[in-house]
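Undergrad: next come a sequence and a model predicted from it.
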Amino acid sequence: MVDNKKGDTMNNKIHIEKILTNTGEETLKINGYFIHSKYNPELEAKRLADKYYVPHNAHILFGYGNGYLVDAMLERSQFNEPLIVIDPLLDEGMLKVKKDHEELVIFNSTIIEELNFHLRDFTKGIRTAFQVFCLPNYDKLFPEMYKKILLKIKDVQISNQTNDFTLLWYAEQWQNNFTDNIFHFSKDFSLTLLHKAYTSPIIIVSGGPSLNKQIPLLKKVRDSVIVIAAGSTIRTLLAESIYPDYVVSVDGSEKNYSHFEDTVFENTKLIYTTINQPKVRNSFIQKCYVTDMAGWNAFSRYIREELKIELPVLIGGASVANLVFSIAQYISDGPIAIIGQDLAFTNNATHALNNSQAEQVDEAFLVKHKAFQTEGYYDEVVWTTRPLYSMKLDFESIVRNNYPNMPFFNCTEGGVKIKGFEQLPFTDFCEQYVTDEKVEIIKHDESQHIRLNVVKILQKDIKLYGKLIDIFNDGLKVLASNHSKTRFEERVLKKLDRIEEKSQELLKQLPIESIVSPITMKVMRGYLPKENETAEETYERIYNQTKDLYNELIHAIKKTKSYSKNAIDKYKSEE
């Protein structure tokens, strides 16, 4: 008997019959359902593989059975696409995996709860293209499990689609921001100076509608806790005369500056990332702190190897609050409470009062923003959107992959349920962890700030950008010199290989990741091979792909070069 630990309706014994077909193959009948053909299982599997196979998709099969469909999918696959198999009958060995399949990605039902995290690892190159299907009748045998698998896959698609859209939309802005922020680095502190500097409780304040009810208690305990505001939440706090100790800002958009532009912060310190909107820094009088963020490998390498700066590389996500949660763990061993982290439209509102982005939510709003319902804080159903839901998933990912070594709680008392967080009323958190002792905010000596000759650094980069543009222009000439229309000539391939080597060597020395990554992603996805391509079609596809890549990169590098020149001119004019 397979114990139903996943909420399915499997309360009866599983009865498996093994039946020989007329072709001599074994078929299976489970609880009265055939899961393979009772006449010719291998032929049926090939037909199903033809039906379900989609080139360049990750294929996720619910049900292993005797492995016929797995064999057929492997044979049908043209481009080595990922194949993931899940079967609850593997839980207690009721089915056995064929020796030929032991190296494949095959799970029992215990994987389902964390399937979304595993899918991110297995399908990094696929991102959002998933083809999900099941053996015949498996959706009848295990309906709840199959439904949960579909929901988990949808979670991954939502998260990846949101991240990809953000990357494409803000690529140029982030690149420009990084260049301008280098000047701020040269007068600020690395966040490494605050590593485990505190033991006090930390309150992470986000701007969801539920924050309104937590404000009175936050005021009461204000001096006994460290208050960190997430981005635009600062407007709500200032309206209530609450001045946080730190504000974290990661948003690179011009709109982000609007939350800060009419305010001068005398004591509150900014913690910002390398791609944050640079003008935000101008609203803060005191020296601030800069941190790096995971996922920007080329930027991180440039900061470490070219600028010789040590910054912590912290895990962020779709929301500034994701990064704030990582920062809180980095700077303190004390307990953490998050409030105002609704990620849903509590009381038909988008944000807390006095937030400049606050809107009332009605039916038209839900339709416009493609809202959908999900599980709420109190096990109710709440409305959310893809961007908000992506933030929830990122919180869950942070907790799963880097479980905090201090107590942490979701004290929002509203919004979505964030799995992995213990839910605790804010009053209970304060009673258990907050004392009357006043928190002293650490101050660092002026001599500890980062020191850089920014003009010299950017001038060096400008020269390298020029060399890179020349290299890719040479690449276009080499492409045009190929005489054949069906293949690349040997001399051309050798020259293109040298261009690849030279360009990669320069790219490693330059902070150009933000604007280059979406180009690579777009060009790689836009020229995927077709099934049964002719030699002419393959040549034409690769030729156009390479030409498109070089042209796009030249355009992007010219822009980045201009950002560096503009940053130097701006700096000199302000001296």
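TA: Done, it's in.

Undergrad: for the stretch 401-550 of the chain, just list every one of the strands.
TA: Ranges of strands in the stretch 401-550 of the chain, per DSSP state E, counting those that start in this stretch, are 408-410, 422-423.

Undergrad: out of these, nearest to residue 443?
TA: Smallest distance to residue 443 across the strands of the stretch 401-550 of the chain (Cβ to Cβ): 26.6 Å, for strand 408-410. No exception for glycine: its C-beta is placed from N, CA and C like everyone else's.

Undergrad: what's that closest one in contact with?
TA: Residues from elsewhere that reach strand 408-410 (Cβ atoms under 8 Å, 6 or more residues apart in numbering): 325, 329, 335-338, 341, 377, 418, 421-424, 429.

Undergrad: likewise for stretch 523-537?
TA: 55-56, 78-79, 485-487, 538, 541-542, 544-545, 548-549, 552.

Undergrad: nearest to residue 569, out of those: which one, please.
TA: Lowest distance from residue 569 to the contacts of stretch 523-537 (Cβ to Cβ) belongs to residue 552, with 26.3 Å.

Undergrad: show me what contacts that closest one?
TA: Contacts of residue 552 by Cβ under 8 Å, 6+ apart are 519, 522, 523.

Undergrad: filter these down to the buried ones and hand me the PyMOL line.
TA: Command for PyMOL that selects the buried part of those, burial taken from 16 or more other Cβ atoms under 10 Å:
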select buried, resi 519+523
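
Undergrad: confidence-wise, which of the contacts of residue 552 comes last?
TA: Scanning the contacts of residue 552 for pLDDT, the low point is residue 522. It has 88.

Undergrad: ok now do that residue, which residues does it touch?
TA: Contacts of residue 522 were listed using Cβ under 8 Å, 6+ apart, and they are 168, 552.

Undergrad: with just CA atoms, put the helix or strand encompassing residue 212 into CSV.
TA: Here residue 212 sits within helix 211-221, counting by DSSP states H and E. Extracted in CSV, the C-alpha atoms of helix 211-221 (Å, rounded to 0.1, in the frame of the first residue of the first chain):
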residue,chain,number,x,y,z
LEU,A,211,1.2,47.7,7.3
ASN,A,212,-1.5,50.2,8.4
LYS,A,213,-2.5,48.2,11.4
GLN,A,214,1.1,47.5,12.5
ILE,A,215,2.1,51.2,12.6
PRO,A,216,1.0,52.0,16.2
LEU,A,217,3.0,49.1,17.7
LEU,A,218,6.0,49.8,15.5
LYS,A,219,6.0,53.4,16.9
LYS,A,220,5.9,52.0,20.4
VAL,A,221,8.9,49.7,20.0
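
Undergrad: and it, what's its mean pLDDT?
TA: Per-residue pLDDT values over helix 211-221 give a mean of 96.

Undergrad: again with stretch 96-109
TA: On average, stretch 96-109 scores 92.

Undergrad: got the end-to-end distance for that stretch?
TA: For stretch 96-109, the first and last residues are 14 Å from each other (Cα to Cα, to the nearest Å).

Undergrad: show me the contacts for the closest residue in space to residue 375 that isn't next to it in sequence.
TA: Nearest residue to residue 375, sequence neighbours excluded (Cβ to Cβ, 6 or more residues apart in numbering): residue 417, at 4.9 Å. Taking Cβ under 8 Å, 6+ apart, we find residue 417 in contact with 375, 376, 377, 379, 423.

Undergrad: in CSV: those residues, plus secondary structure, distance to residue 47 and pLDDT.
TA: Below are these laid out as CSV (DSSP: H, G, I helix; E, B strand; the rest coil; distance: Cβ to Cβ, whole Å; pLDDT from 0 to 100):
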residue, secondary structure, distance to residue 47, pLDDT
375, strand, 39, 95
376, strand, 44, 97
377, coil, 47, 97
379, coil, 44, 95
423, strand, 49, 98
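
Undergrad: and those, which is closest to residue 491?
TA: In terms of Cβ to Cβ, no member of the contacts of residue 417 lies closer to residue 491 than residue 375, at 61.5 Å.

Undergrad: how about that closest one, what does it touch?
TA: If you count contacts by Cβ under 8 Å, 6+ apart, residue 375 has them with 381, 382, 416, 417.

Undergrad: and it, how far from residue 350?
TA: Residue 375 sits at a distance of 19 Å from residue 350 (criterion: Cβ to Cβ, to the nearest Å).

Undergrad: among the contacts of residue 375, who's most crowded?
TA: The most neighbours of any of these, using other Cβ atoms under 10 Å, belong to residue 416, which has 25 neighbours.

Undergrad: so what's it up against?
TA: So, once contact is read as Cβ under 8 Å, 6+ apart, residue 416 ends up touching 342, 343, 344, 374, 375, 376, 377, 382, 384, 388, 389, 392.

Undergrad: same thing but at 6 Å, please
TA: Applying Cβ atoms under 6 Å, 6 or more residues apart in numbering, we find residue 416 in contact with 343, 344, 374, 382, 384, 392.

Undergrad: is it true that the first one lies in a helix?
TA: No - with DSSP: H, G, I helix; E, B strand; the rest coil as the criterion, residue 343 is coil rather than part of a helix.

Undergrad: so what's it up against?
TA: Contacts of residue 343 (Cβ under 6 Å, 6+ apart): 388, 391, 392, 415, 416.

Undergrad: mind running it again at 7 Å?
TA: By Cβ atoms under 7 Å, 6 or more residues apart in numbering, the contact list for residue 343 reads 208, 384, 388, 391, 392, 415, 416.

Undergrad: phi and psi next, for residue 102.
TA: Note on residue 102: backbone dihedrals following degrees, to the nearest 10 are phi -70, psi -20.

Undergrad: kindly report the same for the one 5 residues further on.
TA: Its backbone dihedrals place residue 107 at phi -120, psi 160, with angles given as degrees, to the nearest 10.

Undergrad: for it, which non-adjacent residue is spatially closest?
TA: In space, residue 107 is closest to residue 86, 4.9 Å off (Cβ to Cβ, 6+ apart).

Undergrad: repeat for residue 173
TA: Once flanking residues are discounted, residue 173 sits nearest to residue 252: 5.1 Å by Cβ to Cβ, 6+ apart.

Undergrad: go ahead and confirm that neighbour touches residue 274.
TA: No - Residue 252 is beyond contact range of residue 274, at 9.6 Å (criterion: Cβ atoms under 7 Å).

Undergrad: helix or strand for residue 290, which one?
TA: Using DSSP H and E, residue 290 falls in strand 289-293.

Undergrad: what is that strand packed up against?
TA: With contacts taken as 3 or more Cβ pairs under 7 Å, 6 or more residues apart in numbering; DSSP states H and E, strand 289-293 sits against strand 269-273, strand 313-314.

Undergrad: export those to a markdown table and tack on distance to residue 188?
TA: Shown next, in a markdown table, are these (distance: least, Cβ to Cβ, whole Å):
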| stretch | distance to residue 188 |
| --- | --- |
| strand 269-273 | 8 |
| strand 313-314 | 16 |
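
Undergrad: the ones you listed: which one's closest to residue 191?
TA: Nearest of the helices and strands packed on strand 289-293 to residue 191, taken as Cβ to Cβ: strand 269-273 at 6.3 Å.

Undergrad: which residues sit against that closest one?
TA: For strand 269-273, the external contacting residues (Cβ under 7 Å, 6+ apart) are 191, 245-250, 280-281, 284, 286, 288-291, 293, 327.
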